[in-house]
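> have a look at this fold, sequence not included:
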Ligand SMILES: CC(C)(COP(=O)(O)OP(=O)(O)OC[C@H]1O[C@@H](n2cnc3c(N)ncnc32)[C@H](O)[C@@H]1OP(=O)(O)O)[C@@H](O)C(=O)NCCC(=O)NCCS
C-alpha cells in the first residue's frame, strides 16, 4: 500500500494536531478506531481485513490524527481519530470519519476534513460528498458547521440492528473556497 498523498501537519510544533496517511501498518489502528467511534452503529465498523483491502485501491485514502506529537518523539503518537476518503472523478467522498469520544469538540474532526479537502482538490475534485444518517444529530451539526448542504435524501438507506430504517442525507460542499485552517 503506497501512500498517495503526503499531507502531514507533522513537525511537533506545539499542540498542532498531527495527521498521517494510513499505511499497511496502521490498518489495525484504523479498524479499532472505527469500531469504537461507531459502537452506536456496528454497521459503521468495517473490520481490518475489509479496510486493508479498500486501501490497496488507488481510489481510497485514509488518515489518522493525534492531538499533537512531541518533536523529539521517535514513534507515531497514538491516533484518536480517522477519516477515510474515496476519490470518484471530480468528487471526494468522505466514506467514514470518527473521533474518539474523549477527544471530540476540539477541532480534530474539522482538521481531518481540511486535510481531506486539500487532498481531493489536489487530484482535481471540485466538491466533497458524504452520507449521514438523519438521526445522527452530532454529525449533522458538524457538517453544517463546515458548510455542507443537503442535496438529496435517500429514504430508508440505513438499516439498524433492530430493523429500523433511517434516511441518509447526502451532503455536499464545494471545494472552491479558501481554507482557513
Ligand atoms: C462527527 C465527529 C467526527 C465530529 O468530530 P469532532 O472532532 O468532535 O468535531 P470538531 O471538534 O471538529 O467540531 C467542529 C464543529 O462542529 C460542530 N459540532 C461538532 N460536534 C457537535 C455536536 N456534538 N453538537 C453540536 N455541534 C457539533 C460544532 O460547531 C464544532 O465547533 P465548536 O466545538 O467550536 O462548537 C464526531 O462527533 C464523531 O466521531 N462522531 C461519531 C462517528 C460519526 O458519527 N461519524 C460521522 C458519520 S457520517
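Thanks, I have it. No experiment lies behind these values; they were computed from the predicted model shown.
> against residue 176, how distant is the closest residue to the ligand within the chain?
When scored by Cβ to the nearest ligand atom, the chain has residue 109 as its residue closest to the ligand, at 2.6 Å. No exception for glycine: its C-beta is placed from N, CA and C like everyone else's. Using Cβ to Cβ, to the nearest Å, we find residue 109 at a distance of 22 Å from residue 176.
> these two - which one has more neighbours?
residue 109 (23 against 8; other Cβ atoms under 10 Å).
> burial count for the residue nearest to that one when sequence neighbours are not counted?
Counting by Cβ to Cβ, 6 or more residues apart in numbering, residue 99 is the residue found nearest to residue 109 once chain neighbours are left out, at 5.0 Å. Per other Cβ under 10 Å, the neighbour tally for residue 99 reads 24.
> ok, residue 25 next?
9.
> dihedrals phi and psi, it?
When read as degrees, to the nearest 10, the backbone of residue 25 gives phi -80, psi -10.
> residues of this structure that sit close to the ligand?
37-38, 97-99, 104-110, 132, 136, 138-139, 141-142, 145 (Cβ under 6 Å from any ligand atom).
> ok, 8 Å please
Contact residues, the chain versus the ligand (Cβ under 8 Å from any ligand atom): 37-38, 40-41, 44, 81, 94, 96-101, 103-113, 130-133, 136-139, 141-146.
> coming back round to it: contacts for the host helix or strand of the residue of the chain closest to the ligand?
Following DSSP states H and E, one finds residue 109 within helix 108-122. Residues outside helix 108-122 that contact it (Cβ atoms under 8 Å, 6 or more residues apart in numbering) are 5, 7, 9, 17, 19, 61, 63, 65, 67, 80-83, 85, 87, 91-92, 94, 97, 99, 128, 142, 145-146, 173, 175, 179, 181.
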